[in-house]
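1. Here is my input; please provide its structure:
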Amino acid sequence: MASRSDSAIWSGLFRISAESGQTLQAQIRQAIVAAILDRQIAASLPLPSCRVLADRLGVARGTVVLAFQQLVDQGFLIARERRGHFVNPDVLATQVKTADRPAAALRKVDWTGRRRVTASAMPDVRPTENWIKASYPFVYGQFDPALFPTAEWRECNRMALAVLEIRNWAGDVVDRDDPLLIEQIQARLLPRRGIFANPDEIIVTLGAQNALYMLATLLMGRGAKVAMEEPGYPDARSIFRLSGAEVVPVPVDADGIDPSAVPHDAGYVFVTPNHHCPTMVALSEERRRALLADAERHDRIIIEDGYDSQLNDDAPQQALKSVDRSGRVIYVGSMSKTLAPGLRIGYIVADAALIAELRALRRFMLRHPPANNQRAVALFLSLGHHDALVRRLSTAFSDRRRRVATALAAHLPEWRPVEAPGGTSLWLRGPVNADAHGIASAAAERGVLIEPGNRFFDRPEGRSRFMRLGISSIGLQQIEPGIRELAQAAGRLRNAA
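-> Numbering: from 1, shown residues only. A predicted model of the protein is given here:
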């Protein structure tokens, strides 16, 4: 344990960084709390004085004084007159000692034999770690810190943390959602795609994936057959298969999914009609009508994923849900492509009877998404911040798409982007013998992050001539040099073959 005179140990315990997202005072408090809970500070020994610690850390003495005082208020430290600050022995008394922990089991549990599903065997689609530090992050589904509405989001969080607001959201609301958020989704988000719904036809989810998982849990199982686009959203495919359902790939062309290729005995069809994932093509009006008519004819449910429907399109379309007259379309929405993916706010719009069942199911899974986040998002919408953000993002993404297309034509003409209106990515088709995985590996060494297209196909073997370039997280000025580096990586790989 550290003694007061052991300067090397104290210096090791109190390491702070100006690059941390925490204030200096918070970093000092965190270091002391961690040292106390890890039993690195003896209760009988005083901590360094505020003056000594401030000098050692290179911070103002007042910063250390405030940190110590807050820890005293929280009961971690005790201030003894003329002796200094000591660890509160009551804190140590509540901690379980290592010797008190139960001994390790003599025989490990065979979890492999007990599990009913193998989630770890499903394709791993996690984004590249530390993508934000890459020079040219053409990654999909992430945000651009330069475009994030930091001041507006902080304002809404401060408002949500007011005393009266805390009283509204801090209690256990069981299966209910924030009424203001439901109202804002109903009034601000859904009408953008022509959807008009009652409050009892909307439920808040932890993003679109949580929505799909709940739908699969409630509606699907062994014997269910789900038709979905090929190529298509890989996580949706995995979620449906985890439920026990059979997934049937249906080809996609320039007009979107082909309704005539959907098996007659498929009880569900999953589609991304406004911007197909991953090609970004829009489902044609003729096929929209055919898909809805076919669903009515075969008693089929359509799950519509409008994952980026809040962005302004060059050629905006109404959602399938907006023209659904039989209640067969379940609409899944998300704020990940506009506000932030880490916020995990999504929603489902469906028949009131289905929403009631989903609400009951969600209660057993997680009760409800965090109410403080719901209120902050509701305020963000109600104050007009989201509308302003959508306009800013739509303009930025439109500029970036044009810049990518121009740079590809100049530096990588053999990789042709699919023509599509709007969206946050471009789908590229390369030469017959292209190796997207090899290009991605070579490009990553040059600071360029791209996404090979294999994972979007149900059977990815031999499908290496596709790649997706995300534009939501890369600045406009980095696009042309990034494509140039990508072209050089592709050229070196081709020459080495």
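2. could you pull out the helices for the stretch 51-200 of the chain?
-> Counting by DSSP state H, counting those that start in this stretch, residue ranges of the helices within the stretch 51-200 of the chain are 61-73, 89-93, 111-114, 150-160, 163-169, 179-184.
3. would you turn those helices into TSV with mean pLDDT?
-> Formatted as TSV, these follow (pLDDT from 0 to 100):
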stretch	mean pLDDT
helix 61-73	90
helix 89-93	78
helix 111-114	79
helix 150-160	95
helix 163-169	88
helix 179-184	96
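4. how about those in CSV, adding distance to Arg484 and mean neighbour count?
-> Every residue, glycine included, has its C-beta placed from N, CA and C. Shown next, in CSV, are the helices of the stretch 51-200 of the chain (distance: least, Cβ to Cβ, whole Å; neighbours: other Cβ atoms under 10 Å):
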stretch, distance to Arg484, mean neighbour count
helix 61-73, 46, 17
helix 89-93, 57, 12
helix 111-114, 48, 7
helix 150-160, 31, 15
helix 163-169, 49, 12
helix 179-184, 43, 18
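5. so which of those gets nearest Val432?
-> Of all these, it is helix 111-114 that lies closest to Val432, at 41.0 Å by Cβ to Cβ.
6. just how off-centre is stretch 353-370 within its chain?
-> Distance of stretch 353-370 from the chain centroid (Cα atoms, centre = their mean, to the nearest Å) equals 20 Å.
7. going forward, begin numbering at 51 instead of 1
-> All right, first residue 51 from here; so that's stretch 403-420.
8. So what sits opposite the residue nearest to Ile405 when sequence neighbours are not counted in the bridge?
-> Closest residue to Ile405 apart from its sequence neighbours, by Cβ to Cβ, 6 or more residues apart in numbering: Ile253 at 5.1 Å. With DSSP bridges as the criterion, Ile253 is bridged to Ile398.
9. Now do the contacts for Ile253.
-> If you count contacts by Cβ atoms under 8 Å, 6 or more residues apart in numbering, Ile253 has them with 227, 397-398, 405, 408-409, 412.
10. And these, which is closest to Ser288?
-> Ranked by distance to Ser288 (Cβ to Cβ), the contacts of Ile253 are led by Ile398 at 19.0 Å.
11. Could you report the distance from that closest one to Glu251?
-> Ile398 sits 9 Å away from Glu251, going by Cβ to Cβ, to the nearest Å.
12. who has more neighbours, these two?
-> Neighbour count, other Cβ atoms under 10 Å: between Ile398 and Glu251, Ile398 has more, with 25 against 22.
13. Would you check that the more buried one makes contact with Tyr381?
-> Yes. Counting by Cβ atoms under 8 Å, Tyr381 is a contact partner of Ile398 at 7.0 Å.
14. Go ahead and report the secondary structure state at the closest residue in space to Asp222 that isn't next to it in sequence.
-> The shortest distance from Asp222 to any non-neighbouring residue, by Cβ to Cβ, 6+ apart, is to Arg417 (7.2 Å). Following DSSP: H, G, I helix; E, B strand; the rest coil, Arg417 is assigned to coil.
15. Could you report the neighbour count for Arg417?
-> Residues near Arg417, counting by other Cβ under 10 Å, number 14.
16. buried stuff in stretch 471-481?
-> For stretch 471-481, a neighbour-count test (16 or more other Cβ atoms under 10 Å) marks 471-480 as buried.
17. Just the buried residues of the top strand by length along the chain, please?
-> If you go by DSSP state E, the chain has its longest strand at strand 296-303. For strand 296-303, burial by neighbour count (16+ other Cβ under 10 Å) applies to 296-300, 302.
18. same check, this time on stretch 229-248
-> So, applying 16+ other Cβ under 10 Å, buried residues of stretch 229-248: 230-232, 234-236, 238-240, 242-243, 245, 247.
19. Ok, stretch 428-444 next?
-> Those would be 428-432, 435-436, 439-440, 443-444, for stretch 428-444 by 16+ other Cβ under 10 Å.
20. Identify those among the residues you listed that sit within helices.
-> Applying DSSP state H to those, the entries found in helices are 428-432, 435-436, 439-440, 443-444.
21. now these as a markdown table including distance to Gln75 and pLDDT?
-> Converted to a markdown table, those look like this (distance: Cβ to Cβ, whole Å; pLDDT from 0 to 100):
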| residue | distance to Gln75 | pLDDT |
| --- | --- | --- |
| Ala428 | 31 | 95 |
| Leu429 | 28 | 95 |
| Phe430 | 28 | 95 |
| Leu431 | 33 | 95 |
| Ser432 | 33 | 95 |
| His435 | 29 | 94 |
| His436 | 33 | 94 |
| Leu439 | 32 | 94 |
| Val440 | 37 | 93 |
| Leu443 | 35 | 94 |
| Ser444 | 40 | 92 |
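22. Distance from stretch 163-182 to the middle of the chain?
-> With Cα atoms, centre = their mean, you get 15 Å for stretch 163-182.
23. outside of that stretch, which residues touch it?
-> 184, 187, 189-192, 195, 284-285, 288, 291-292, 494, 499, 505, 523.
24. Can I get the buried part of those residues as one ChimeraX selection?
-> The ChimeraX selection below is limited to those of the contacts of stretch 163-182 classed as buried (16+ other Cβ under 10 Å):
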select :184,187,189,190,191,192,284,285,288,291,292,499,505,523
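25. Show me where the stretch 401-547 of the chain has its helices.
-> Under DSSP H, counting those that start in this stretch, the stretch 401-547 of the chain gives helices at 402-415, 421-432, 435-461, 486-494, 526-546.
26. what is the orientation angle of the fourth one with helix 526-546?
-> For the pair helix 486-494 and helix 526-546, the angle between their directions (axes from the mean of the first three to the mean of the last three Cα atoms, to 10 degrees) equals 120 degrees.
27. got a list of what Ile351 touches?
-> Contacts of Ile351 (Cβ under 8 Å, 6+ apart): 269, 317-319, 345, 378-380.
28. how about Asp387, secondary structure?
-> Just so we're on the same page, residue 387 is Lys rather than Asp. With three-state DSSP as the basis, Lys387 sits in coil.
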